[in-house]
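> Below are the sequence and a predicted model for it; my questions follow.
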Amino acid sequence: MPIIFDEAGMVEQVKLNPVTTIGKEVCASHVVKVWEAVSAFIVQTLCGGRAVRIPGLLTITFKIIQIELSQRDTILQKNPHIILSSELALRHSLRVKKPPYNLDIPEVDLNLSVIAKICNMSRVHVEHCVEEVIHAFNRAIACDPHVELWLTKIGRVIVDCAEVDIVFCSEFLNLLGYSEEFIQDKRCPVR
């Protein structure tokens with residue numbers, strides 16, 4: 001049975017850390033609230049034309065593809081990619097599929113101050129919550145060969161025996177300009 005980092009699973013995995021700040025400085029509901037705000041920030045930033053890097057975890061980016069329907073009609077489509085950080089991939093010997101082309105979209109780091117303002121929490125607490133999830137994800141990959149990290153309204157990162165697969169939500173792909181016929185997998189955590 002895989003370890004799933006959805007809302008309940010994320011808190012459960014974070015609590016397994018003997019030195020966790022959950023219960024001392026932040027409560028479990030704050031972790032869920034912060035992670036939903038992280039996902040919302042990612043979607044907002046991607047729609048604004050920039051990629052988001054969560055240091056030590058992943059980068060969510062896209063490639064703009066121009067599809068010609070006819071001589072006069074074209075569609076601009078954003079082809080999304082989630083790329084695990086190189087230190088995470090090296091630490092756990094993960095085989096990450098890199099896109100066959102350059103992703104030249106400007107990247108921004110996850111802005112913890114904006115997330116703190118959205119969550120109405122201090123920046124330090126938000127930073128603790130994000131770091132707890134990253135550390136718990138690292139521990140889960142080290143302990144179990146089947147781990148899923150769910151990003152609300154974006155998709156899932158699936159680590160299965162050192163192979164990394166990505167599944168995106170249909171609503172997220174629609175935001176990036178995909179029509180229904182291009183969406184292959186509609187199974188996704190949507191809230």
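Done, it's in.
> CA atoms for contacts and neighbours, from now on please.
OK.
> which residues of the chain fall in strands?
Taking DSSP state E as the criterion, the chain carries its strands at 3-5, 51-54, 58-68, 74-84, 107-109, 146-151, 155-160, 163-168.
> Okay, helices next: where are they in this protein?
7-15, 28-47, 86-92, 112-119, 123-143, 170-175 (DSSP state H).
> quick one: least confident helix or strand in this protein?
Using mean pLDDT, DSSP states H and E, the weakest-scoring helix or strand in the chain turns out to be helix 7-15, at a mean of 75.
> Can you list the buried residues in it?
7, 10-11, 13-15 (16 or more other CA atoms under 10 Å).
> ok, back up a step: looking at the helices of the chain, which is nearest to residue 152?
Closest of those to residue 152 is helix 28-47, at 5.8 Å (criterion: CA to CA).
> got the buried residues for the closest one?
With the criterion 16+ other CA under 10 Å, helix 28-47 contains buried residues 28, 30-43, 45-46.
> tell me the mean pLDDT over it?
Averaged across helix 28-47, pLDDT comes to 90.
> How about stretch 57-71?
Summarised as a single mean, pLDDT over stretch 57-71 is 85.
> Many thanks, I have nothing further to ask.
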